[in-house]
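1. Quick one, fold the following:
(one chain, ligands or ions: 1)
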Amino acid sequence: MTTTAFIGLGNMGAGMAANLAKAGRDVLAFDLSEAALDRARAAECRVANSASEAAGQADVVITMLPAGAHVRKVWIESIIPHAPAGALLIDCSTIDVESARAVCAAAETAGLASADAPVSGGIMAAEAGTLAFMVGCADDRFETVEAVLKPMARAVIHAGAAGAGQAAKICNNMLLGISMLGVCESFALAEKLGLDPVRFFDIASKSSGQCWSLTSYSPWPGPVPSAPSNRGYEGGFLTSLMSKDLKLAQEAAAKAGAATPMGAQAQALYALFEAQGYGQKDFSAVLQLMRGRLADL
Ligand code: NAD
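-> Predicted coordinates for the structure are as follows:
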């Protein structure tokens, strides 16, 4: 039976590893946190004493770690030297494109297969097994990667070669961050002009301003019952994570020589909102910054 090592069992990794185990996979889990290991045991995963022990016994190794520095350290020091020849390594964290390409290249040089596969969807999607994976790997490897990720996914999409998954993720999230600011600014203006914001929603959602940030995730409470705006902006996609992804996008743009002025503005605004103490609120709460109503949060 194939053994999947799963390293990084935090908010996202816990649900993902649990879904692999639920699908009948033999999951050997590792995290630095004891509480995370307890949750993995409860989800029918086996538990390893270290990342290298887990990698040494696995045909597939998945990592779900905070940032590029963690992924570089764990892949270079613990996984690549210990994984059996031919093992497949997949990083699902959101990290910089450069680190993704570097760890994949190091794995391939050591005779291992690799892919980057960051996700769209938050903690609820990780628990429900409905994440969208954006995969960077060689064409002839995609089918194998897709089969590994399926129990955690509503969609697995091939973005291109190594690093392309991360590129797709930061471009998508830059678009999302910018579109949410546009929606928030428009609600704030509508209110100032004496226009009922819910009526503005009804009109814009049937007009050319329509977009996902408006019609599926309205920052104004009411029109979209499932949106975090209806529960005090709790849950959803944290401002701190949006801020992280926009910073990655700006770093990538600087390295690639791309002009992304809207992305730069968006990064500055979410960083300001985070610095004011709202990093743990859903990113759509930035509406209250635009309205001058931070005290309501
Ligand atoms: P998290 O901080 O909850 O989990 C990270 C886990 O990694 C922690 O349990 C930590 O103990 C563990 N860890 C850190 N260093 C380790 C090491 N050396 N060895 C073993 N374990 C180690 O973060 P998260 O919210 O689960 O996010 C994980 C990744 O997914 C991030 O890159 C994030 O940007 C991305 N992401 C998160 C969300 C979200 O909504 N939370 C959505 C999409 C993508």
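2. Single out the residue in the chain that lies closest to the ligand.
-> Gly10 (1.8 Å; C-beta to the nearest ligand atom). Where C-beta positions appear, they are placed from N, C-alpha and C, glycine not excepted.
3. Now do the phi/psi pair for that residue.
-> Backbone torsions for Gly10, taken as degrees, to the nearest 10, come to phi -80, psi -150.
4. cool, and Leu294?
-> According to degrees, to the nearest 10, Leu294 has phi -60, psi -30.
5. Hmm, Gln288 and it touching each other?
-> Yes. Counting by C-beta atoms under 8 Å, Leu294 touches Gln288, with 5.4 Å between them.
6. Between the two, point out the one with more neighbours.
-> Between Leu294 and Gln288, counted using other C-beta atoms under 10 Å, the more crowded position is Gln288 (21 against 14).
7. Distance of that one relative to Thr215?
-> 20 Å (C-beta to C-beta, to the nearest Å).
8. With Gly263 instead?
-> Counting by C-beta to C-beta, the gap between Gly263 and Thr215 amounts to 23 Å.
9. Arg39 in helix, strand or coil?
-> helix (DSSP: H, G, I helix; E, B strand; the rest coil).
10. Within range of the ligand, give me the residues from the stretch 51-200 of the chain.
-> Applying C-beta under 6 Å from any ligand atom, we find that the stretch 51-200 of the chain lies next to the ligand at 51, 64-66, 70, 74, 93-94, 119, 122-123.
11. one step back: for burial, what's the neighbour tally of the residue of the chain closest to the ligand?
-> Counted with other C-beta under 10 Å, Gly10 comes out at 18.
12. ok so, going back, higher neighbour count, Gly263 and Thr215?
-> Counted by other C-beta under 10 Å, Gly263 and Thr215 do not tie: Gly263 has more neighbours, with 22 against 17.
13. Might one say that that one is in contact with Lys247?
-> No. Gly263 lies out of contact with Lys247 (C-beta under 8 Å); the separation is 10.1 Å.
14. Any chance you could list what contacts stretch 197-213?
-> 176, 179-180, 182-183, 186-187, 190-191, 214-215, 218-220, 222-223, 284 (C-beta atoms under 8 Å, 6 or more residues apart in numbering).
15. Quick one, grab the pLDDT at Ala285.
-> pLDDT recorded at Ala285 is 98.
16. Leaving out chain neighbours, which residue sits closest to it?
-> Leaving out its chain neighbours, the residue that sits closest to Ala285 by C-beta to C-beta, 6 or more residues apart in numbering is Tyr233, at 3.7 Å.
17. The one you found: neighbour count?
-> Neighbourhood size, Tyr233 [other C-beta under 10 Å]: 25.
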